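K.L.:
This is the structure alone, sequence omitted:
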């Protein structure tokens, strides 16, 4: 609750946000319960992000190639390269 004020109008926004972001949280969770502890044994969900439809976790994926990864890495690191160039030029003045 927002600062303990349930009737505050922003609470309706927070409730809407939570409802919307949790719309794909479905399925079953298998939990092992023991005294003072528990652990997850598995899940079943149509929205399982570890689904083999996309690839094998930690092994391979079916969505991009090595060249795609190289291109993404260059674009994602662009701001760091700019920072380095600017820092080098300022340090050498």
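P.N.:
Nice, thanks for sending it over. It should be emphasised that the depicted structure is a prediction, and the values quoted were computed from it without experimental measurement.
K.L.:
contacts and neighbour counts: CA atoms only from here.
P.N.:
Fine.
K.L.:
Give me the secondary structure label for the most centrally placed residue in the chain.
P.N.:
The residue lying closest to the centre of the chain (Cα atoms, centre = their mean) is residue 49, at 10.2 Å. Secondary structure for residue 49, judged by DSSP: H, G, I helix; E, B strand; the rest coil, is coil.
K.L.:
any idea how far it lies from residue 85?
P.N.:
38 Å (Cα to Cα, to the nearest Å).
K.L.:
do the same with residue 52
P.N.:
Residue 52 sits 42 Å away from residue 85, going by Cα to Cα.
K.L.:
Give me the neighbour count for residue 11.
P.N.:
16 (other Cα atoms under 10 Å).
K.L.:
typo on my end, residue 26
P.N.:
13.
K.L.:
swap in residue 6?
P.N.:
Using other Cα under 10 Å: residue 6 sits among 11 other residues.
K.L.:
on that earlier part again, so for the residue nearest to the centre of the chain, what's the pLDDT?
P.N.:
Predicted confidence (pLDDT) for residue 49: 77.
K.L.:
next one: residue 82
P.N.:
Here, the pLDDT recorded for residue 82 equals 92.
K.L.:
likewise residue 22?
P.N.:
For residue 22, pLDDT reads 90.
K.L.:
Tell me how this protein divides into domains.
P.N.:
By the assignment in automatic domain parsing, the chain contains the domains 1-59, 63-93.
K.L.:
surely residue 25 meets residue 48?
P.N.:
No - between residue 25 and residue 48 there is no contact under Cα atoms under 8 Å: 9.1 Å.
K.L.:
what does stretch 29-43 rub up against?
P.N.:
The contact list for stretch 29-43 (Cα atoms under 8 Å, 6 or more residues apart in numbering) reads 27, 28, 44.
K.L.:
tell me the mean pLDDT for it?
P.N.:
The average pLDDT within stretch 29-43 is 94.
K.L.:
ok, and for the strand or helix carrying residue 69, which residues are buried?
P.N.:
Using DSSP states H and E, residue 69 maps to helix 66-76. By 16 or more other Cα atoms under 10 Å, helix 66-76 has no buried positions at all.
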